[in-house]
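In: Take this sequence and fold it.
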Amino acid sequence: MKSTMIIVSHVVNDAIIHGFVPVAKAMGLHVVLITDHKLSHLKLASEDNQFNPDTVLECDVFNPLELIEIITENGLKPDAIFSNSDHLQTSTAICGQFFDVPAKDWTVTLNAKNKHLTRQVLSEKSLPNTHSALLHRDTVLELELTFPVVAKPKEGVASIDVQRCNNKAELDNYCDAFWQKHPTTPILIEEFLQGPLITVETLGDGEQLIALGGFDVELSAPPYFIETAASWNGPNSILYRDECVNQLQTFGVGFGICHSEFIITELGPVLVEINYRSIGDGREFLLDNLSSGNWFSTILNLHLGNKIDRAFHINGSAHIHYVVAEQDGIIEGTSTSFTHQEGDIVTQQQVLKQAGDIFRQSFSNKDYLARISIVSPSEQSLEFTRQQAISSFNLTSVSEVTA
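Out: Sure, this is the predicted structure:
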């Protein structure tokens with residue numbers, strides 16, 4: 001009898017559609033997808049041969065009690081329960097604990113997702129931190145923070161609504177605009193951390209936690225924080241990796257895959273956020289390429305109770321460049337998606353917006369027109385190929401002309 005893998009998902013996303021679900025099926029598992037967007041997933045399954053779950057069920061996936069009920073009511077005996085969604089790590093962990101399958105500690109996933117709790121845990125554990133405060137609408141609070149500050153939703157993703165504010169007037173404007181859109185959502189204010197950004201990718205099996213590597217990340221100009229490029233195992237990622245992993249272990253990160261971000265300040269690395277899931281924005285497929293197609297299967301095997309394969313390594317050089325739309329308008333150009341190999345250098349261009357689309361800026365990672373990734377298992381230089389690929393790309397957002 002096949003082992004049953006339950007994958008919990010929210011909206012349609014590439015990592016689930018073209019990563020975890022098809023790989024789980026290739027591993028010989030019975031794959032049940034539980035989502036609160038059943039119709040959109042069924043529609044995609046009818047159109048995309050790669051996306052082939054055995055069953056799609058629907059419930060409020062943010063509620064662990066409903067997850068437990070739908071699994072029980074359908075007579076399922078899960079061998080693994082997994083989610084790659086930022087929002088669903090806690091409900092999935094609670095559900096996994098109920099069914100006694102390998103699971104993350106739900107208290108750690110909650111502390112990681114809620115950025116206000118993250119700052120509290122860092123303080124309680126005497127880890128490097130930055131001063132912060134939580135703002136609620138219609139609550140007067142005298143901030144004892146030094147400008148500039150970074151304002152962000154308490155539980156945001158993809159740099160959406162994250163902004164640097166250089167003074168109180170800018171912060172007031174940010175709060176007014178944000179609460180018009182999200183009147184009940186608290187805003188976390190943090191003192192700005194000066195320095196380059198790195199990521200750390202860790203893997204844990206409940207007994208050991210290993211660092212797979214990390215990215216040196218380039219960001220857009222202030223006041224926004226859009227990731228524009230990233231290089232695998234850049235100098236900062238290598239230099240500060242061990243110190244970052246020690247901080248993560250102290251925080252409580254252990255089981256499963258985890259993607260964390262740190263700012264390298266003059267005093268060393270300070271945690272920005274923990275995303276207790278696989279890295280996204282196309283970099284999961286880049287790492288799958290560098291690991292000989294073993295990224296997704298390695299993660300899923302942990303949830304099936306397997307220990308880390310010590311032979312699993314990610315070797316080589318890799319770079320990803322994000323083409324960011326710079327204004328509202330209509331998408332124009334002829335660039336298309338492709339994969340090209342020359343020697344051992346593989347270039348993959350994934351177009352995310354189509355010519356003719358009407359585009360509205362969000363000043364976040366949602367503004368990407370395309371992802372261009374370049375990898376080489378032999379670690380040779382990628383700079384020439386990178387420049388060539390960027391110069392050949394011609395999609396852009398053109399201002400709409402009104403009569």
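In: in the stretch 301-403 of the chain, which segments are predicted with low confidence?
Out: Regions of the stretch 301-403 of the chain meeting the criterion pLDDT under 70 cover residues 400-403.
In: Strands along that one, start to end?
Out: Per DSSP state E, counting those that start in this stretch, the stretch 301-403 of the chain carries strands over the ranges 317-324, 329-332, 338-342, 345-351, 358-359, 368-376, 396-398.
In: okay, now residue 4: neighbour count?
Out: Close neighbours of residue 4, defined as other C-beta atoms under 10 Å, add up to 19. Every C-beta, even on glycine, is put in place using the N, C-alpha and C of the backbone.
In: now it, which residues is it bridged with?
Out: Listed beta-bridge partners, residue 4: residue 30 (assigned using DSSP bridges).
In: pLDDT at residue 68, what is it?
Out: At residue 68, the pLDDT value in this model is 98.
In: Please save the CA atoms from whichever strand or helix holds it in PDB.
Out: Assigned by DSSP states H and E, residue 68 belongs to helix 64-73. Taking Å, rounded to 0.1, in the frame of the first residue of the first chain, the C-alpha atoms of helix 64-73 are listed here in PDB:
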ATOM      1  CA  PRO A  64      -6.100  23.100  12.400                       C
ATOM      2  CA  LEU A  65      -9.300  21.700  13.800                       C
ATOM      3  CA  GLU A  66     -10.900  21.800  10.400                       C
ATOM      4  CA  LEU A  67      -7.800  20.100   8.900                       C
ATOM      5  CA  ILE A  68      -8.000  17.400  11.500                       C
ATOM      6  CA  GLU A  69     -11.800  16.900  10.800                       C
ATOM      7  CA  ILE A  70     -11.500  16.700   7.000                       C
ATOM      8  CA  ILE A  71      -8.600  14.200   7.300                       C
ATOM      9  CA  THR A  72     -10.600  12.100   9.700                       C
ATOM     10  CA  GLU A  73     -13.900  12.300   7.900                       C
END
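In: Mind listing what's buried along it?
Out: 64, 66-68, 70-71 (16 or more other C-beta atoms under 10 Å).
In: wait, doesn't residue 345 sit right on residue 383?
Out: No: using C-beta atoms under 8 Å, residue 345 is not in contact with residue 383, being 11.0 Å away.
In: Of the two, give the one with the bigger neighbour count.
Out: Higher neighbour count among residue 345 and residue 383: residue 345, with 20 against 10, using other C-beta under 10 Å.
In: Where does residue 171 sit: helix, strand or coil?
Out: helix (DSSP: H, G, I helix; E, B strand; the rest coil).
In: neighbours around it, how many?
Out: Residue 171 - counted by other C-beta under 10 Å - has 22 other residues nearby.
In: and what of residue 394?
Out: 11.
In: what domains does the record give for the protein?
Out: For the chain, the structural domains run 4-103, 131-191, 197-398, going by automatic domain parsing.
In: end-to-end on the last one?
Out: I take that to be domain 197-398. 31 Å (C-alpha to C-alpha, to the nearest Å).
In: cool, the shortest one as well?
Out: Criterion C-alpha to C-alpha; first-to-last residue distance in domain 131-191 is 6 Å.
In: Could you tell me how far it lies from the centre of the chain?
Out: 22 Å (C-alpha atoms, centre = their mean, to the nearest Å).
In: any idea of the mean pLDDT in it?
Out: Here domain 131-191 scores 89 as its mean pLDDT.
In: just how off-centre is stretch 64-82 within its chain?
Out: 25 Å.
In: same thing with stretch 244-261?
Out: On C-alpha atoms, centre = their mean, the centre of stretch 244-261 falls 15 Å from the chain's centre.
In: Make TSV out of the domains of the chain and add distance to residue 116.
Out: Below are the domains of the chain laid out as TSV (distance: least, C-beta to C-beta, whole Å):
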stretch	distance to residue 116
domain 4-103	15
domain 131-191	5
domain 197-398	12
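In: To residue 118, which of those lies closest?
Out: Among the domains of the chain, the nearest to residue 118 by C-beta to C-beta is domain 197-398 (6.6 Å).
In: Residue 246 - how many residues pack around it?
Out: Other residues lying near residue 246 total 13 when counted by other C-beta under 10 Å.
In: what kind of secondary structure is it in?
Out: Three-state secondary structure (criterion: three-state DSSP) places residue 246 in helix.
In: Distance of it relative to residue 273?
Out: As judged by C-beta to C-beta, to the nearest Å, residue 246 and residue 273 stand 17 Å apart.
In: With residue 203 instead?
Out: Taken as C-beta to C-beta, the span from residue 203 to residue 273 is 18 Å.
In: Equivalent analysis for residue 294, please.
Out: In terms of C-beta to C-beta, residue 294 sits 26 Å off from residue 273.
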